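Participant: I need the structure of the sequence given here:
(one chain, ligands or ions: 2)
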Amino acid sequence: MSSDVDYYNLEDLLGQEERLVRDVARRFIDDEFMPRIQLCFREGRFPTELIPRLGELGFLGMTLPTEYGCAGLNNIAYGLVSQELERGDSGLRSFASVQSSLVMYPIFQFGSDEQKKFWLPRLATAEAVGCFGLTEPDFGSNPGGMLTRARRERGGYVLNGTKRWITNGSISDLAVVWAKLEEDGTDVIRGFLVEKERTGFTRRDIPGKFSFRASVTSELIFEDCWIPEDNLLPKTGGLKSPLMCLTQARYGIAWGALGAAMACYESALEYAQNRVMFSRPIGGYQLVQAKLVTMITEITKGQLLAHRLGTLKDAGSMRPQQVSMAKMNNVSTALHTARLARDILGGNGITDDYPVIRHLLNLETVNTYEGTEDIHRLTIGRDVTGLSAFE
Ligand code: TGC
Ligand code: FAD
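Facilitator: Ligands and ions are numbered 1, 2, ... in the order given. Prediction:
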């Protein structure tokens, strides 16, 4: 929801604190982020100089308790901040999603008291940056098949394997890594904390990206990488543990993608009102109006979905399958909106003078990561039919 793209007056549903936090995020994007994103995207560079600001503004791990230096806000506020960050760029929202939902959340949920006390305050201020290594070169949609292994040795664990497509990989101080560990003759997926300095741990960035250019995406390689026993996240056990983290991140994406969609809609609307072709502004032609109406209608439906999901999450009754529906629908809506906006902008739509092509390219990734559109469709299909299409 934003004050500009709010056809159903959803602003009325927001509390004072939620509006305040949203407005802080909006000002940060307008004043500090937008002036630099065009060049960052061209240069293929994440604006690392802004990382401390995300900590200062309280946007990292913002729903976690204040005793760990976090803001202790509700999930609607978290959603609104995700929306504003992604109105700037999906890569920026991704940085915050990974740090908050995929690094701080697993430490909070599965970590020991010592791990929480040491890492959470540092991650909240961005003194430390984290990444999340689940995907592997041959195991994306099916992470349960992962090959990365941990074995017990010398009072700790030795990791071997490769993780691919890891956001923040090469700029992170800490990696949350998922690996199989043999326990009583059975392989169990466990989570491990791996500091960047560990011998046998190397990172390399993935070159040639046309999407998420203003974001760091890396490979993590573990070759006989020894870590102490205390680096195991003690309460992890099975694929369910990383999937619980994904539920948190997907929630933020369901809101965030709407931010990108709003930016595209606003850009297309303004263009359509001003661009004269034949005898009048193109916004006066029925075909162009139909495209704009599709955009605002689908965005409004997505906003209602996101807000209701946030209410369920704050009440503690949100189901992962409901998150799948919102992630699938809202990212698909954003991608379709970006394509329509690109079309309305004509030739200008392929240049970075407008934000639309950048959002469109980014949203191709957002539709794939955190569960592809197909995977979420099949997850909901399994839920409603009781029959799994995965095996
Ligand atoms: P399945 O049998 O379905 O599940 C195993 C256990 O986990 C439970 N579960 C969940 N729990 C919480 N949240 C969820 N979303 C959950 N989904 C499943 C499930 O109830 C079960 O529990 P239990 O108690 O019975 O053991 O496992 P499966 O092997 O059939 O796989 C299901 C599938 C395909 C849906 C899953 O593997 C999947 O989600 N695949 C997509 C992989 C994915 O999304 N990867 C994302 C990597 S991280 C990333 O992309 C970061 S991008 C940067 C950013 O976020 O900005
Ligand atoms: P695949 O799983 O090979 O899928 C390819 C196609 O096959 C898709 O269309 C898919 O829907 C389809 N498909 C697969 N299985 C089925 C099926 N059973 N039925 C029907 N269709 C199917 N991962 C992390 O762990 N951490 C990160 O920080 C992270 N960041 C990322 C950042 C970027 C920029 C990108 C691009 C990816 C990132 N990922 C990350 C990885 C991401 O989660 C995976 O790319 C995603 O899960 C899909 O896996 P895949 O690329 O191997 O595609």
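Participant: quick one, domains of this protein?
Facilitator: Listed domain ranges for the chain are 3-124, 130-231, 240-385 (source: automatic domain parsing).
Participant: Can I get the ones you listed in CSV including mean pLDDT, mean neighbour count and distance to ligand 2?
Facilitator: Every residue, glycine included, has its C-beta placed from N, CA and C. Shown next, in CSV, are the domains of the chain (pLDDT from 0 to 100; neighbours: other C-beta atoms under 10 Å; distance: least, C-beta to the nearest ligand atom, whole Å):
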stretch, mean pLDDT, mean neighbour count, distance to ligand 2
domain 3-124, 97, 20, 5
domain 130-231, 98, 18, 2
domain 240-385, 98, 20, 3
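Participant: May I see the ones you listed arranged in JSON lines, with distance to E391 as well?
Facilitator: What follows is the domains of the chain, written out as JSON lines (distance: least, C-beta to C-beta, whole Å):
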{"stretch": "domain 3-124", "distance to E391": "27"}
{"stretch": "domain 130-231", "distance to E391": "10"}
{"stretch": "domain 240-385", "distance to E391": "10"}
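Participant: Now these in TSV, please, with extra columns for distance to ligand 1.
Facilitator: Rendered in TSV, the data for the domains of the chain read as follows (distance: least, C-beta to the nearest ligand atom, whole Å):
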stretch	distance to ligand 1
domain 3-124	3
domain 130-231	4
domain 240-385	3
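Participant: Touching, Y157 and L232? I think so.
Facilitator: Yes. Y157 is in contact with L232 according to C-beta atoms under 8 Å; the separation is 6.6 Å.
Participant: what do those two both touch?
Facilitator: Shared contacts of Y157 and L232 (C-beta atoms under 8 Å, 6 or more residues apart in numbering): F192.
Participant: Help me confirm that D30 is found in a strand?
Facilitator: No. D30 is assigned helix when assessed by DSSP: H, G, I helix; E, B strand; the rest coil, not a strand.
Participant: what separates it from I37, distance-wise?
Facilitator: From D30 across to I37, the span is 11 Å (C-beta to C-beta, to the nearest Å).
Participant: all helices of the protein, in order?
Facilitator: Ranges of helices in the chain, per DSSP state H, are 16-28, 34-43, 51-56, 75-88, 90-97, 105-110, 113-125, 240-274, 286-315, 320-344, 356-368, 373-385.
Participant: how about the ones you listed, which one is nearest F210?
Facilitator: Nearest of those to F210, taken as C-beta to C-beta: helix 356-368 at 5.9 Å.
Participant: For that closest one, which helices and strands make contact with it?
Facilitator: helix 34-43, helix 90-97, helix 240-274, helix 320-344 (3 or more C-beta pairs under 8 Å, 6 or more residues apart in numbering; DSSP states H and E).
Participant: Just want the angle from that helix to helix 34-43.
Facilitator: Going by axes from the mean of the first three to the mean of the last three C-alpha atoms, to 10 degrees, helix 356-368 is angled at 70 degrees with respect to helix 34-43.
Participant: distance between helix 356-368 and the chain's centre?
Facilitator: 12 Å (C-alpha atoms, centre = their mean, to the nearest Å).
Participant: And the contacts of it?
Facilitator: With contacts defined as C-beta under 8 Å, 6+ apart, helix 356-368 is touched by 37-38, 41, 89-91, 210-213, 253, 256-257, 260, 263-264, 267-268, 331-332, 334-335, 338-339, 341-342, 345, 349-352, 373.
Participant: try stretch 293-307
Facilitator: Contacts to stretch 293-307, defined as C-beta under 8 Å, 6+ apart, come from residues 1, 5-8, 10, 13, 76, 79, 83, 254-255, 257-258, 261-262, 264-265, 268, 325-326, 329-330, 333-334, 336-337, 340-341.
Participant: Fine, thanks again, bye for now.
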